[in-house]
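1. Here is a sequence with its predicted model. Questions after.
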Amino acid sequence: MDEAYLQSARALAAAGKYDKAVQAYQKSMELNPDRIDTYLALADLLGGLKRYEEAAQWCRKALERNPNHSQARRDLERYEQRRALSP
């Protein structure tokens, strides 16, 4: 079931319906909270919208679930750097 929400989130984001995409990603995470790629996909969406603090928060949540996830760590560093450089 979480896969349907994940696919919906991707389609909504592609259509520019970002708030609805965020909701669909979050519903997918509720159904399968251990699926780290969903956290990172949401962080990627938010980062693309220059919402760096929120993107970093989702990376941190991914790391809470899996502290050794290297992609989550790299993404967190990237969003923290971008947040520091943004006006």
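-> Yep, it's here. Numbers count the residues shown, from 1 in each chain.
2. Any buried residues in the longest helix along the chain, and which?
-> Once the chain is assigned using DSSP state H, the helix that runs over the most residues is helix 70-85. Of the residues in helix 70-85, Ala72, Asp75, Leu76, Arg78, Tyr79, Glu80, Arg83 count as buried by neighbour count, 16 or more other CB atoms under 10 Å. All C-beta atoms are positioned from the backbone trio N, CA, C, and that covers glycine.
3. now stretch 54-62
-> Neighbour-count burial for stretch 54-62, counted by 16+ other CB under 10 Å, picks out Glu54, Ala55, Ala56, Gln57, Trp58, Cys59, Lys61, Ala62.
4. and stretch 39-57, how far out from the chain's middle?
-> 5 Å (CA atoms, centre = their mean, to the nearest Å).
5. circling back: the buried residues of stretch 54-62 into TSV, with extra columns for secondary structure, distance to Leu6 and pLDDT?
-> Formatted as TSV, those follow (DSSP: H, G, I helix; E, B strand; the rest coil; distance: CB to CB, whole Å; pLDDT from 0 to 100):
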residue	secondary structure	distance to Leu6	pLDDT
Glu54	helix	18	97
Ala55	helix	17	98
Ala56	helix	21	98
Gln57	helix	19	98
Trp58	helix	14	98
Cys59	helix	17	98
Lys61	helix	16	97
Ala62	helix	14	97
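6. ranges for the helices of the chain?
-> Using DSSP H, helices in the chain cover 2-14, 18-31, 36-48, 52-65, 70-85.
7. what packs against the first one?
-> The reference is to helix 2-14. Judged by 3 or more CB pairs under 8 Å, 6 or more residues apart in numbering; DSSP states H and E, the packing partners of helix 2-14 are helix 18-31, helix 36-48.
8. ok, 7 Å please
-> Applying 3 or more CB pairs under 7 Å, 6 or more residues apart in numbering; DSSP states H and E, we find helix 2-14 packed against helix 18-31.
9. Check which residues of the helix it packs on are buried.
-> Tyr18, Ala21, Val22, Ala24, Tyr25, Lys27, Ser28, Met29.
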